[in-house]
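Peer 1: Model the following, please.
(one chain, ligands or ions: 2)
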Amino acid sequence: MARVGILGLPNVGKTTLFNALTGLSAPTASHPFSTTEPNVGVARVPDDRLDRAAALEKSAKVVHATLDLLDVPAMSPGGVGFGAQFLGRLREMEALAIVLRAFESAAVPDGESGTDSVVQAETLLLELTLADAEVFGRRAYKAAREATGDVSKRLAAEAIAKAAALLGEGIPLRAGSWSEAQLEAFRDLAPLTLKPAVWVVNVGEDAAADPAQLEALVGAVVPAGDVVVVVSAELEEEASRLDPADRAELYEGLGLGEGALSRVVRATYDALGLISFFTVGPKESRAWTVRRGASAPEAAGKIHTDLERGFIRAEVAPIEEVLAAGGWDKAKAAGKVRLEGKEYRVVEGDVLVVRFSV
Ligand SMILES: Nc1nc2c(ncn2[C@@H]2O[C@H](COP(=O)(O)OP(=O)(O)O)[C@@H](O)[C@H]2O)c(=O)[nH]1
Ligand SMILES: [Mg+2]
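Peer 2: Numbering: from 1, shown residues only. Ligands and ions are numbered 1, 2, ... in the order given. The predicted structure is shown next:
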């Protein structure tokens, strides 16, 4: 299960976003440092293809993919206080969702963050980079010493020294390019600046700012490839408490489509290099998570280890085809289902039926 850490300066709406994403009710407050222990929860990865397939199959149960979320207590500039204490927790995460405050509110002090999302993005990026610089600087010294007596350690030592130098210039590691072997040398240091990050700009409900412009402004100061999403966390939290029909109506009224939360979760999922495949049927329709490029047996193993061990073939069709045909059986009758072997690499959105023998 992929774990995502939510971080940001105090009072920017981290816990509000966490609640909106998980449907939980961790306490939020208008004073900074109100969260003192990390909140842990599970966010559903929204997927209306799965919902539509489940409706066609009349599935008794629908199971969406999920992400584990950790709402980390506020980090203050300088990395003092809670920040330093919880950096260790962040290192355990596979991705980061970084919340930036763009909403104005007289009731919620913004002394720690301000409301300029670009400034916050720069501050937080530097903070994470400096935290890595410290860890790599310390390790570079030790690695160099070890490499003098053992040539096999030279590549790792050089990689760590190069990384330490880059970080020392304030450049995050994901802005560099690294070989697999170099990345391997970094692995146990769990660098924060190599983790995929999604930047979440939290705007007010009455957002005067143009979301596309905000995205572009923040996008310009973060490493290339990072995704920026504009949301109103408070609005999304309120919406998450409504039943689906009322929520859809609210979003439609505001011109928000399926809501920005879906985009936050989707972007995180994509940034992690994860894809969904599906199993559908009357008993259950379900989204499964595998890494991009996974083989059919590896995907089958997500469903059950027996399916991987005894994998023979998979029946495969893209879910769009299944939906267009009116369900799996109809897709099969229409000749839309292919047979694939062990070498097949699963594609995002595939529906699978695994044939196996144990
Ligand atoms: N007006 C407004 N207030 C918000 C928004 N998001 C969060 N807040 C409020 O800001 C305060 C701090 O939010 P919280 O989620 O606890 O911030 P955290 O310290 O980053 O976890 C709470 O009183 C929230 O209700 C927003 O989009 N608009
Ligand atoms: Mg909080």
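Peer 1: ok, which stretches of this protein are strands?
Peer 2: Counting by DSSP state E, the chain has strands at residues 3-7, 39-44, 61-63, 66-71, 95-101, 197-202, 227-231, 274-279, 284-291, 311-318, 338-340, 350-356.
Peer 1: Please see if the fifth one touches ligand 2.
Peer 2: No. Using Cβ under 5 Å from the ion, no contact is recorded between strand 95-101 and ligand 2, whose separation bottoms out at 9.5 Å. C-beta: built from backbone N, CA, C; applies to glycine.
Peer 1: And that strand, what's buried?
Peer 2: Judged by neighbour count (16 or more other Cβ atoms under 10 Å), strand 95-101 contains these buried residues: 95-101.
Peer 1: count of residues packed around the residue nearest to residue 331 when sequence neighbours are not counted?
Peer 2: With Cβ to Cβ, 6 or more residues apart in numbering as the measure, residue 325 is the residue that lies nearest to residue 331, at 3.8 Å, once sequence neighbours are left out. By other Cβ atoms under 10 Å, the residues close to residue 325 number 19.
Peer 1: contacting residues for residue 325?
Peer 2: Under the criterion of Cβ atoms under 8 Å, 6 or more residues apart in numbering, the neighbours of residue 325 are 331, 334, 336.
Peer 1: shouldn't residue 146 be in contact with residue 157?
Peer 2: Yes. With contact defined as Cβ atoms under 8 Å, residue 146 reaches residue 157; the gap is 6.9 Å.
Peer 1: Of those two, which one has the most company?
Peer 2: Ranked by neighbour count (other Cβ under 10 Å), residue 146 and residue 157 place residue 157 first, with 21 against 14.
Peer 1: now the contacts of residue 325: which count as buried?
Peer 2: Buried, going by 16+ other Cβ under 10 Å: 331, 336, out of the contacts of residue 325.
Peer 1: Would you reformat the contacts of residue 325 as CSV and include pLDDT and distance to ligand 2?
Peer 2: Converted to CSV, the contacts of residue 325 look like this (pLDDT from 0 to 100; distance: Cβ to the ion, whole Å):
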residue, pLDDT, distance to ligand 2
331, 98, 46
334, 97, 51
336, 97, 48
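Peer 1: now residue 293, nearest residue through space, not along the chain?
Peer 2: In space, residue 293 is closest to residue 345, 5.8 Å off (Cβ to Cβ, 6+ apart).
Peer 1: That should have said residue 268, apologies.
Peer 2: residue 198 (4.9 Å).
Peer 1: Residue 68 now?
Peer 2: Distance criterion Cβ to Cβ, 6+ apart; nearest residue to residue 68, sequence neighbours excluded, is residue 3 at 4.4 Å.
Peer 1: what's around that neighbour, how many residues?
Peer 2: So residue 3, with other Cβ under 10 Å, has 15 neighbours.
Peer 1: who are the neighbours in contact with it?
Peer 2: Contact analysis of residue 3 by Cβ under 8 Å, 6+ apart lists 67-70, 92-95.
Peer 1: go on, residue 211?
Peer 2: 201, 203, 230.
Peer 1: tell me the contacts of the last one?
Peer 2: By Cβ under 8 Å, 6+ apart, the contact list for residue 230 reads 102, 200-201, 203, 207, 211, 214-215, 260.
Peer 1: can you list the residues of the stretch 101-250 of the chain near ligand 2?
Peer 2: Counting by Cβ under 5 Å from the ion, no residue of the stretch 101-250 of the chain sits close to ligand 2.
Peer 1: where does the stretch 101-250 of the chain have low pLDDT?
Peer 2: Low-confidence segments of the stretch 101-250 of the chain (pLDDT under 70): 206-209.
Peer 1: Excluding chain neighbours, give the residue nearest to the residue of it at minimum distance from ligand 1 in space.
Peer 2: Relative to ligand 1, the nearest point of the stretch 101-250 of the chain is residue 234 (3.6 Å; Cβ to the nearest ligand atom). Nearest residue to residue 234, sequence neighbours excluded (Cβ to Cβ, 6+ apart): residue 16, at 5.6 Å.
Peer 1: wait, that neighbour sits on residue 235?
Peer 2: No. Counting by Cβ under 8 Å, residue 16 does not reach residue 235; the two are 9.7 Å apart.
Peer 1: Before I go, just wanted to say thanks for your time.
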